[in-house]
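Peer 1: Could you work out the structure for the sequence below:
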Amino acid sequence: MASLDWANLPPLLIWIAATLTVRIVGNWLLWIWPTGAAKRPAGIVTLASNLLLLVVRILYMIGIPYLALIQGIINLRVMGLFVTDWSVDIRTILPFVVAAALCIGWSLWRYLATIRPWHLIPEQTLPWWINRTVSAFGWGSALAEAAMREVHWAFYRSLPLLLVANGIWANFIGLGIVYLEGLAIPQVRQNLQEPGEGEEHILTASLAVVSTVCFYLTGNLWLCIVLHTLLLTSASYLMAWRLRRPTRVVTS
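Peer 2: The predicted structure follows:
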């Protein structure tokens, strides 16, 4: 795995610290805002607000790594954007992809069937994040979501790749930074307790593990984005199909 120039360590630390601070402080401000923006208010789910949110997310998740890239603080190879042989990467990752898909699919199925109180969700209603993916052109939404998250995660991963010689530890320390960021956000902690909302974060956390292993094996961020998109889309369709099934009433 390629490393960064040690001279770039101080600015990279500053960039990543600033990125974490903006995300965490911004979400805490939304959490304490008087209008109660802790949840997704139905009144603002409009085309304009969704487009604005998308622009903000793109600037944050992709814009910041891009600025660091053009300033030479990180490079294409450490981000996984410089790929020489896709065929080798695909052959390397294929067994893992099959195993990951089976594990996520089985886990979701058991989770939906036995654990979560899905009866608390209004009948015939899909959580917004599932509906977004299974609707018309949902693959585009899944691709955009995968690209933003994967670039964001790769940016965090670049720091331990500089500091830690062992590739496995470096990748999983990067995963730890991602998890710490998520757990520091109050909306995430609240959503984990709500039917239909917490599952998005659980699935994202699972995909982050898959992405980490994929990147360690191949160093190919493009492949991570493709894999993320396929698994996110498949999982969303599986959950949508399960939620639309008639609820069985168990009598004693």
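Peer 1: From the structure, what's the count of residues near the closest residue in space to Ser236 that isn't next to it in sequence?
Peer 2: Closest residue to Ser236 apart from its sequence neighbours, by C-beta to C-beta, 6 or more residues apart in numbering: Thr133 at 3.8 Å. The C-beta positions use only the backbone N, C-alpha and C, and glycine is treated the same way. Thr133 has 22 neighbouring residues, counting by other C-beta atoms under 10 Å.
Peer 1: From Leu230, how far off is Thr133?
Peer 2: Separation of Thr133 from Leu230 (C-beta to C-beta, to the nearest Å): 12 Å.
Peer 1: Could you look up the SS state of Leu59?
Peer 2: Here Leu59 is helix, with the state taken from DSSP: H, G, I helix; E, B strand; the rest coil.
Peer 1: how many neighbours does it have?
Peer 2: 12.
Peer 1: For Met148, see how far away it is.
Peer 2: Taking C-beta to C-beta as the measure, Leu59 falls 10 Å from Met148.
Peer 1: Repeat that for Trp139.
Peer 2: 15 Å.
Peer 1: ok, now Val78?
Peer 2: From Val78 across to Met148, the span is 19 Å (C-beta to C-beta).
Peer 1: How about Leu183?
Peer 2: When Leu183 is compared with Met148 (using C-beta to C-beta), they lie 20 Å apart.
Peer 1: The two: which is more packed in?
Peer 2: Counting neighbours by other C-beta under 10 Å for Leu183 and for Met148 shows that Met148 has the greater number, 17 against 13.
Peer 1: so what's that one closest to, chain neighbours aside?
Peer 2: Met61 (4.1 Å).
Peer 1: quick one: contacts for Ser234?
Peer 2: If you count contacts by C-beta atoms under 8 Å, 6 or more residues apart in numbering, Ser234 has them with 101, 105.
Peer 1: how about 7 Å then?
Peer 2: Going by C-beta atoms under 7 Å, 6 or more residues apart in numbering, Ser234 touches Ala101.
Peer 1: how far away is it from Gly138?
Peer 2: With C-beta to C-beta as the criterion, Ser234 and Gly138 are 12 Å apart.
Peer 1: Need the residues touching each of the two.
Peer 2: When contacts are counted by C-beta under 7 Å, 6+ apart, Ser234 and Gly138 have no shared neighbour.
Peer 1: From Ala146, how far out is Ala235?
Peer 2: Distance of Ala235 to Ala146, given as C-beta to C-beta: 12 Å.
Peer 1: Arg132 too?
Peer 2: Going from Arg132 to Ala146 by C-beta to C-beta gives 13 Å.
Peer 1: ok, now Leu230?
Peer 2: Distance from Leu230 to Ala146, by C-beta to C-beta: 9 Å.
Peer 1: same thing with Glu197?
Peer 2: Distance, Glu197 to Ala146, using C-beta to C-beta: 20 Å.
Peer 1: quick one, which of the two is more surrounded?
Peer 2: Shown here are Glu197 and Ala146; by other C-beta under 10 Å, Ala146 has more neighbours (22 against 19).
Peer 1: show me the contacts for that one.
Peer 2: Counting by C-beta under 7 Å, 6+ apart, Ala146 makes contact with 225, 228-229, 232.
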